[in-house]
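Q: Have a look at this prediction, sequence included:
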Amino acid sequence: MRPLLALLGAYHLALGTVMVLAPRAFFDEVAAYGAFNDHYLRDIATFYLALGAVLLVSVVRTSWRVPLLAFTTIQYALHVVNHLWDVADADPAWLGPANVVSLALIGVLTAWLLRRGSYSSRGSQGNHSPRRAGQ
């Protein structure tokens, strides 16, 4: 799990960095929906930079994994819904479906990691049933 968390963290840091340093290129190549707004793209970049940072922290701090992966899975599910809503507005047209698929794949990955993390955290807490009085 740790290598995938590190990869996700690095991916989000790279994504946020590109959005900050080259917002026009990011818009033209990935996010051509509506009008270009570099300030708004940099605002969104701050989210991705923060997400990447905490994903990297979760590589070491195991107690962060389940809540962080739950948050990330929910965020990607909502992001996919938003892209489905605007799928026909992308320019070029193939970009809309491609974005939906790529976002959904990341969401599936985070959901899978969440499921694995949930099972491992249960295992680390022990699966002991409470003792009854008199036992």
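A: Done, it's in. All values reported here derive from a predicted model rather than from experimental measurement. Residues are numbered from 1 along each chain as shown.
Q: other SSEs contacting the helix or strand bottoming out on mean pLDDT in the chain?
A: Confidence across the helices and strands of the chain bottoms out at helix 95-125, with a mean of 87, counting by mean pLDDT, DSSP states H and E. Using 3 or more C-beta pairs under 8 Å, 6 or more residues apart in numbering; DSSP states H and E as the contact criterion, the secondary-structure elements in contact with helix 95-125 are helix 2-21, helix 65-85. (Glycine included, C-beta is placed from N, CA and C.)
Q: Go again with 6 Å.
A: Counting contacts by 3 or more C-beta pairs under 6 Å, 6 or more residues apart in numbering; DSSP states H and E, helix 95-125 packs against helix 65-85.
Q: Can you dump the C-alpha atoms of the helix it packs on in CSV for me?
A: Taking Å, rounded to 0.1, in the frame of the first residue of the first chain, the C-alpha atoms of helix 65-85 are listed here in CSV:
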residue,chain,number,x,y,z
ARG,A,65,-4.7,6.5,5.7
VAL,A,66,-8.3,5.5,6.1
PRO,A,67,-9.8,9.0,6.7
LEU,A,68,-7.6,10.4,4.0
LEU,A,69,-8.5,7.7,1.5
ALA,A,70,-12.2,8.0,2.3
PHE,A,71,-12.0,11.8,1.7
THR,A,72,-10.0,11.2,-1.6
THR,A,73,-12.5,8.6,-2.8
ILE,A,74,-15.4,10.8,-2.1
GLN,A,75,-13.7,13.8,-3.8
TYR,A,76,-13.0,11.7,-6.9
ALA,A,77,-16.5,10.4,-7.1
LEU,A,78,-17.9,13.9,-7.0
HIS,A,79,-15.2,15.0,-9.5
VAL,A,80,-16.4,12.3,-11.9
VAL,A,81,-20.0,13.4,-11.5
ASN,A,82,-19.0,16.9,-12.3
HIS,A,83,-17.2,15.8,-15.5
LEU,A,84,-20.1,13.6,-16.5
TRP,A,85,-22.3,16.7,-16.3
